[in-house]
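Participant: Here's a sequence, model it:
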Amino acid sequence: MKVLIVEDEAGLLELIVRYLKREGYVCETAANYPEGYRKANNFEYDCAVVDLNLPGGDGLKLVRMLRQENTQTGIIIISARDSVEERVRGLEEGGDDYLVKPFHLSELNARIKAVRRRKTGEFSKAMAFGGLVIKLDERTVSADGELLKLTKKEFEILVYLARNKNRVVTKDSIAEHLWGDYMDEAASFDFIYAHVKNLRKKLATHGYGDFLKTIYGIGYKFEVG
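Facilitator: Numbering: from 1, shown residues only. Got it, this is the predicted structure:
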């Protein structure tokens, strides 16, 4: 899951990023309103965590923009403003949830997951395509009952493609989804090609290699009937 965190308090931002990355999220950050606006306007996110008090602008304006541009992005407002009026206003402006500072990072994680489930209807902890079963909570993939040994990146690519089944996913979007602000770590699209090649080979050992289609010059598609 790809998350944008807009928070100007450097210490809190670092804690949130460190925790969410450990939980398997791809995190992008912004420390002020203009940076948050630029990223929210140019890239897609599964969820955005937005502080209301931001240098250079009002966090609520960012919430409104996010809601207008992409209704599928989950929005969690974090703020020290704890009055009922402020919480009601935040939700009415487009927030899906409102978390008052200080908060436990485990609660933020739980709320991100809950918001995303409500947005996508993905209440199931597993995806099944015939005998191919992806268990999201256990981070395992089995083919006809036998566990496949996938690397972390192979698993993440498979889940991303499966969630976009029967749609062409570009190499750029895969790189952005996997590395976020650290896209340079991908070095080149050859790295993605190598991951997909190995993933397809592992699926093919059980007859599921054809699920992964290469769309030459563009990207890949997880094609199922």
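Participant: Distance check, A126 against R139.
Facilitator: 11 Å (Cβ to Cβ, to the nearest Å). All C-beta spots, glycine's among them, are computed from the backbone N, C-alpha and C.
Participant: Please identify every residue contacting each of the two.
Facilitator: Shared contacts of A126 and R139 (Cβ atoms under 8 Å, 6 or more residues apart in numbering): none.
Participant: the helices in this protein, which residues?
Facilitator: 10-22, 33-42, 59-69, 84-92, 105-120, 152-163, 171-179, 189-204 (DSSP state H).
Participant: any chance of those in a markdown table, plus mean pLDDT and distance to G145?
Facilitator: Below are the helices of the chain laid out as a markdown table (pLDDT from 0 to 100; distance: least, Cβ to Cβ, whole Å):
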| stretch | mean pLDDT | distance to G145 |
| --- | --- | --- |
| helix 10-22 | 94 | 30 |
| helix 33-42 | 91 | 42 |
| helix 59-69 | 89 | 42 |
| helix 84-92 | 92 | 45 |
| helix 105-120 | 87 | 27 |
| helix 152-163 | 90 | 18 |
| helix 171-179 | 79 | 28 |
| helix 189-204 | 90 | 15 |
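Participant: Next, format those as TSV and append distance to K221 and mean neighbour count.
Facilitator: Supplementary listing: the helices of the chain in TSV, determined by distance: least, Cβ to Cβ, whole Å; neighbours: other Cβ atoms under 10 Å:
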stretch	distance to K221	mean neighbour count
helix 10-22	28	15
helix 33-42	24	17
helix 59-69	25	18
helix 84-92	37	14
helix 105-120	19	16
helix 152-163	7	19
helix 171-179	12	19
helix 189-204	11	16
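Participant: between these, which gets nearest to V133?
Facilitator: helix 152-163 (10.7 Å; Cβ to Cβ).
Participant: Counting by contacts, list what the closest one packs against.
Facilitator: strand 126-129, strand 132-135, helix 171-179, helix 189-204, strand 219-222 (3 or more Cβ pairs under 8 Å, 6 or more residues apart in numbering; DSSP states H and E).
Participant: who's in contact with L148?
Facilitator: Contacts of L148 (Cβ under 8 Å, 6+ apart): V141, S142, K202, L203, H206.
Participant: Distance check, it against E223.
Facilitator: On the measure of Cβ to Cβ, L148 and E223 end up 19 Å apart.
Participant: Same check on K2?
Facilitator: 23 Å.
Participant: more crowded one of the two?
Facilitator: K2 (21 against 15; other Cβ atoms under 10 Å).
Participant: what sits against the more buried one?
Facilitator: Contacts here follow Cβ under 8 Å, 6+ apart; on that basis K2 touches Y25, V26, C27, E28, E44, Y45, D46, C47, E176, H177, G180.
Participant: Which of those fall in strands?
Facilitator: Taking DSSP state E, the ones among these that sit in strands are V26, C27, E28, C47.
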